[in-house]
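kindly generate the corresponding structure for this input.
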Amino acid sequence: MAQDTPTANSSETLGASTEGFSAIDINLPTTTANAAEITLTERYPENGFALNTRSEMIVRILEGGVVFICDGSEKILQEGSVIIVPINKPYCWMPQEYVKLYTVSTPPWTAEQHRNVNTPK
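As a prediction, this is how the structure comes out:
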């Protein structure tokens, strides 16, 4: 039996595009995780910090570089870097020109569990 391979789908919930942000859902052969390819050219979120109340994210930098701030700690990430974004920890991305990320979230990322907060703690 052939193994299912991930496929891109921009019609899912995450599939979105706004100025400075675009995302393409990647269909995974599982119901316990989901994935996306995200391109940023501006700070995300624009103000404050993002926080996932249910999903942990594993993120790999595919292209470019980014300053990643999570729970008050700042890291500079370049192509090939991998980082885990923990549940309930405020974070933001500040790309150096642009960054392309591949994210895997478990349990699956949903807009309902994603929040914007004003402060990193």
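
which ones are touching the residue nearest the centre of the chain?
Centroid-nearest residue in the chain, with CA atoms, centre = their mean: T103, separated by 5.1 Å. For T103, the contacting residues are 35-38, 57-59, 109, by CB atoms under 8 Å, 6 or more residues apart in numbering. Heads up, the C-betas are built off the backbone N, CA and C, glycines and all.

then L101?
Neighbour list for L101: 37-40, 59-62, 66, 93 [criterion: CB under 8 Å, 6+ apart].

next, check the residues you listed against the strands and list the overlap.
The strands in this structure, assigned by DSSP state E, contain 37-40, 59-62, 66, 93 from these.

would TSV of these with neighbour count, pLDDT and distance to I84 be doable?
Supplementary listing: these in TSV, determined by neighbours: other CB atoms under 10 Å; pLDDT from 0 to 100; distance: CB to CB, whole Å:
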residue	neighbour count	pLDDT	distance to I84
E37	18	97	18
I38	19	97	16
T39	18	97	20
L40	20	97	18
V59	23	98	8
R60	15	98	11
I61	19	98	13
L62	14	98	16
V66	26	98	15
W93	22	97	14
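
now, which of those sits nearest N52?
Of all the ones in strands among the contacts of L101, N52 sits closest to V59, with 11.7 Å by CB to CB.

partners of the closest one in the sheet?
With DSSP bridges as the criterion, the beta-bridge partners of V59 are I83, T103.

quick check: it touching V85?
Yes. Applying CB atoms under 8 Å, one finds V59 in contact with V85, separated by 6.2 Å.

which pLDDT does the model give T119?
We have a pLDDT of 71 for T119.

nearest to L28 among the contacts of L101?
Nearest to L28 out of the contacts of L101 is E37 (CB to CB; 12.4 Å).

in terms of contact, does S22 touch E42 like I think?
No. Under the contact definition of CB under 8 Å, S22 does not touch E42, with a separation of 11.2 Å.

so where's the chain shaky on pLDDT?
Applying pLDDT under 70 to the predicted model, the residue ranges of the chain that meet it are 1-17, 120-121.
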